[in-house]
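Visitor: this one's structure only:
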């Protein structure tokens, strides 16, 4: 094999460096810490990239898969730093990126019947290693939002919608994914469940009616909560209401601390690895 030509290592003369090159949409098993069950095995969709100097023609795509196989059975969020360092070393890069998107399941109890069921939440972790490490944990939490205006002007009822609250955080210390989800859920008109009996449906409907929220109210409530958590050093919260009486969504977003005018969003805050083993 030593006499086979290595095309990737040949020189490129166009003098254009590439910011990110690698592989996308790899489905691979990972392990995530579970607050109640020690750990949870799930399957992530993984993207892996490195930078490529202008003088190299290409990167070695197979090495990304080799690195994953090297950590087979041991891919946890805690050792992402080691995986990123391995990517830099094996691919002779100055910067490495990895993104993991995975379903995370929490057992929830209905409010009246106490019926238990598993609720799925979409989580994403983005890691970067250049001169410093940067990790961002993102979750998407469904909630119910009931329109305050509709309740105020209507003689009977009020329109509501299912909302998606998307939160990204950088942390200086470990936080449980479950805690982050519970803080966000408490900021809607009512939580969303996968299983509700009739008595539960009545309770949740009335809870939402008694707690009307605009999309602006939800992002402000989440912002107040996350600002009070000392482990969080930066966050972005978005809320999208999938309107039930309009052919569009309502949207609001807050980033804290906000970027300075003319500056890109912060992407290099030192932080501990969030939400993982």
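Guide: Sure, I can see it. Predicted model, so just to flag it, every value in this text is computed and none were measured. Numbering: from 1, shown residues only.
Visitor: Burial check on residue 72, number of neighbours?
Guide: When neighbours are counted by other Cβ atoms under 10 Å, residue 72 registers 9. C-beta here means a position set from N, CA and C on the backbone, and glycine is covered the same way.
Visitor: from what I can see, it looks like it's in a helix, true?
Guide: No. Secondary structure of residue 72 (DSSP: H, G, I helix; E, B strand; the rest coil): coil, not part of a helix.
Visitor: tell me the phi and psi of it?
Guide: Residue 72 adopts backbone torsions of phi -60, psi 130, taken as degrees, to the nearest 10.
Visitor: can you tell me which residues contact it?
Guide: With contacts taken as Cβ atoms under 8 Å, 6 or more residues apart in numbering, residue 72 has no neighbouring residues.
Visitor: Please report the confidence value the model assigns to residue 272.
Guide: With respect to pLDDT, residue 272 scores 47.
Visitor: Likewise for residue 58?
Guide: Residue 58 is given a pLDDT of 72.
Visitor: Look at it and say how many residues are nearby.
Guide: 14.
Visitor: Confirm that residue 253 sits in a helix.
Guide: No. Assigned with three-state DSSP, residue 253 falls outside any helix and is strand.
Visitor: Looking at strand pairing, list the partners for it.
Guide: On the basis of DSSP bridges, residue 253 is bridged to residue 238.
Visitor: just checking, it touches residue 219?
Guide: Yes. Between residue 253 and residue 219 there is a contact under Cβ atoms under 8 Å: 6.6 Å.
Visitor: which neighbours do the two share?
Guide: 237-239.
Visitor: From those, list just the buried residues.
Guide: Buried residues within those, counting neighbours by 16 or more other Cβ atoms under 10 Å: 237-239.
Visitor: Which single one of the shared contacts of residue 253 and residue 219 is nearest to residue 108?
Guide: Using Cβ to Cβ, residue 239 comes nearest to residue 108 of these, at 20.5 Å.
Visitor: re earlier: residue 253 and residue 219 - which one has more neighbours?
Guide: For residue 253 versus residue 219, the count of surrounding residues by other Cβ under 10 Å is larger for residue 219: 22 against 12.
Visitor: quick check, nearest of the shared contacts of residue 253 and residue 219 to residue 149?
Guide: Residue 149 lies nearest to residue 239 out of these, by Cβ to Cβ, at 16.4 Å.
Visitor: Now do residue 19: how many residues are near it, please.
Guide: 10.
Visitor: how about it, phi and psi?
Guide: Residue 19 adopts backbone torsions of phi -70, psi -40, taken as degrees, to the nearest 10.
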